[in-house]
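Enquirer: Sharing a model prediction with you, sequence too.
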Amino acid sequence: MSDAFTFRLKSIRFDEDYRPSDNTRITTNFANLARGESRQENLRNALRMIDNRFNALAHWDNPRGDRYSVELEIISVEMEIAGEGACNAFPLIEMLNTTIVDRKTHERFDGVVGNNFSSYVRDYDFSVVLPEHNRDQPKFSIPDDFGDLHGNLFKSFLRSDTYRSHFSKPPVICISASTSKTYHRTDNHHPIMGAEYRQDEFSSTDRYFGKMGMQVRYFMPTGSVAPLAFYFIGDLLGDYTNLELISAISTMETFQRIYRPEVYNANAAAGACYQPSLKHQDYSLTRIVYDRDERSRLALEQGKFTEEHFIKPYKTLLEQWSADCAA
């Protein structure tokens, strides 16, 4: 069963001229910005915010605060099922890859791959499987096998020649902290990542990423107002350079300031004991147009799409393959 799937990788530049392709998940951070009348202004402003944040963190030998810029590339991963042909490949994962441009030395450096993470199968798990499981339950619970298939697919991709031929390090995925958990600031402080926070128990998202082979740490970077969740494989602070870490922070904190301004664009920083809340009122809006309600609705639509076009047609194959992975 090891040769049941073949992974293919496509990439497209994310800049002010970006337009989502027909098979891009339209709930992704980057695709949402590239729609509507304000699309180009949205993109231009977001990219400027990323560069400004990068230079604020990479302040050494950077007196004017304009030494660096970040180039973004959307990485789309398709999975071809043996015997089905390339035309039936399923759009499995999308991530962002960063490249750091040093305007002073005219050098280019690899940043971090991962950053944003979107997945049709994850939409299916959270928008279809989880609500269905809890429909008649008196108390919210998570199925024991929740995320097993998705985790095995992700780990299989990371082990593939396709991934290894393009990227030298495992991905780092950066998302918002859970609004259902309370976080406590520790004494650990990193010069770039800032203050580390810890939570009392893992969220459902933490456990889901755990099935993908990733662990989590929470940091509130210098100049930030709330901790971010960093999912990684290996040693987050030891395996990546400061500039690589800054590329992830500047990119994903910008998206979170746009999408969750109540948390990440708040007018006061998180305290020693902190629970994020989307009901928080003391925050500032960016000049970027975004429809959060539409994004939630589309996640359900795309979850159902996955069920119809991937989960149900290949149910037996997927279950057997996933069981073999577990064994």
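Expert: Structure's in. What do you need?

Enquirer: Please make it C-alpha for all contacts and neighbour counts, starting now.
Expert: Noted.

Enquirer: taking the mean pLDDT, what do you get for stretch 124-138?
Expert: The average pLDDT within stretch 124-138 is 91.

Enquirer: distance between the ends of it?
Expert: Taking Cα to Cα, to the nearest Å, stretch 124-138 runs 22 Å from one end to the other.

Enquirer: For it, buried residues please.
Expert: Under the neighbour-count criterion of 16 or more other Cα atoms under 10 Å, stretch 124-138 has Y124, D125, F126, S127, V128, V129, L130 buried.

Enquirer: What of stretch 204-212?
Expert: Applying a neighbour-count criterion of 16+ other Cα under 10 Å, one finds D206, R207, Y208, F209, G210, K211, M212 buried in stretch 204-212.

Enquirer: got the contact list for it?
Expert: If you take Cα atoms under 8 Å, 6 or more residues apart in numbering as the criterion, stretch 204-212 is touched by I142, F146, G147, D148, H150, G151, N152, F154, K155, Q215, V216, Y231.

Enquirer: would a markdown table of the buried residues of stretch 204-212 with secondary structure be doable?
Expert: Converted to a markdown table, those look like this (DSSP: H, G, I helix; E, B strand; the rest coil):
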| residue | secondary structure |
| --- | --- |
| D206 | helix |
| R207 | helix |
| Y208 | helix |
| F209 | helix |
| G210 | helix |
| K211 | helix |
| M212 | coil |
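
Enquirer: Nearest to F5, out of those: which one, please.
Expert: M212 (17.3 Å; Cα to Cα).

Enquirer: Tell me which residues touch S69, please.
Expert: So S69 contacts D51, F54, N55, I100, V101, D102, R103 (Cα under 8 Å, 6+ apart).

Enquirer: Off-centre distance for stretch 316-327?
Expert: Distance of stretch 316-327 from the chain centroid (Cα atoms, centre = their mean, to the nearest Å) equals 26 Å.

Enquirer: Return that stretch as PDB; C-alpha atoms alone will do.
Expert: The C-alpha atoms that make up stretch 316-327 are tabulated as PDB, following Å, rounded to 0.1, in the frame of the first residue of the first chain:
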ATOM      1  CA  THR A 316     -12.000   1.300   1.700                       C
ATOM      2  CA  LEU A 317      -8.600   2.200   0.200                       C
ATOM      3  CA  LEU A 318      -8.000   5.100   2.700                       C
ATOM      4  CA  GLU A 319      -9.000   3.000   5.700                       C
ATOM      5  CA  GLN A 320      -6.700   0.200   4.700                       C
ATOM      6  CA  TRP A 321      -3.800   2.500   3.900                       C
ATOM      7  CA  SER A 322      -4.200   4.400   7.200                       C
ATOM      8  CA  ALA A 323      -4.400   1.200   9.200                       C
ATOM      9  CA  ASP A 324      -1.100   0.000   7.500                       C
ATOM     10  CA  CYS A 325       0.500   3.300   8.500                       C
ATOM     11  CA  ALA A 326      -0.600   2.800  12.100                       C
ATOM     12  CA  ALA A 327       0.800  -0.800  12.100                       C
END
